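*Asks:* Here's a sequence, model it:
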Amino acid sequence: MKRIMSILALVVCIMVSVPVTAEAGAKKGQKIFKKKFRKKCGFSGVRFARHHTQGEWEEIYDDDRFPEEAKKICPRLKVNKIKESWWEHVYEFSYIYAKDGKIPKC
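*Replies:* Numbers count the residues shown, from 1 in each chain. Coordinates of the predicted model:
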């Protein structure tokens, strides 16, 4: 019985931590957008994210076309100035606030 409870507790912890991790990546992505994208794009990160649905963002990211798509949305963006490790965070932010995603708080 103790073992079953331990396994159940572990499963619950994993289920709770996954959305928190995605939210943390999205927060970081939002900060990166504000610092590195906003001036070049001329609009907010939420407006950027709302160019696509979550499914579209996922397909773009899985096909390794996310930097290319960011350049289409923000033509003045210097893609080579964005660190490789940052793209995942900006993707997570874009995914969460996509057209069919979470509505931002004002």
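*Asks:* where along the protein do the helices fall?
*Replies:* With DSSP state H applied, the chain shows helices at 2-32, 38-41, 45-49, 54-62, 66-73, 86-96, listed in chain order.
*Asks:* What are the contacting residues of the last one?
*Replies:* For helix 86-96, the surrounding residues in contact (CB atoms under 8 Å, 6 or more residues apart in numbering) are 22-23, 25-30, 32-33, 36-37, 45, 48-49, 52, 54, 57-58, 61, 66-67, 70, 82, 101-102. C-betas here are computed from N, CA, C, even on glycine.
*Asks:* State the mean pLDDT of that helix.
*Replies:* For helix 86-96, the mean per-residue pLDDT is 97.
*Asks:* Next: the first one.
*Replies:* Mean pLDDT, computed over helix 2-32, is 64.
*Asks:* now do stretch 51-68
*Replies:* Taken as a whole, stretch 51-68 has a mean pLDDT of 97.
*Asks:* Just the buried positions in that stretch, please.
*Replies:* Of the residues in stretch 51-68, those scored as buried under the neighbour-count criterion (16 or more other CB atoms under 10 Å) are H51, H52, Q54, E56, W57, I60, Y61, F66, P67.
*Asks:* among the residues you listed, which two are most distant?
*Replies:* Q54 and P67 (18.7 Å; CB to CB).
*Asks:* Neighbours of K34, how many?
*Replies:* Neighbourhood size, K34 [other CB atoms under 10 Å]: 12.
*Asks:* could you measure Q54 against K83, distance?
*Replies:* Taking CB to CB, to the nearest Å as the criterion, Q54 is separated from K83 by 24 Å.
*Asks:* for K35, same thing?
*Replies:* Applying CB to CB, the value for K35 to K83 is 11 Å.
*Asks:* H51 is in contact with G101, correct?
*Replies:* No - with the criterion set as CB atoms under 8 Å, G101 and H51 do not qualify as a contacting pair; they are 11.9 Å apart.
*Asks:* Of the contacts of helix 86-96, keep whichever come out buried.
*Replies:* When the contacts of helix 86-96 are checked against 16+ other CB under 10 Å, the ones flagged as buried are 25-26, 28-30, 32-33, 36-37, 45, 48-49, 52, 54, 57, 61, 66-67, 70, 82, 101.
*Asks:* Appreciated, that's everything.
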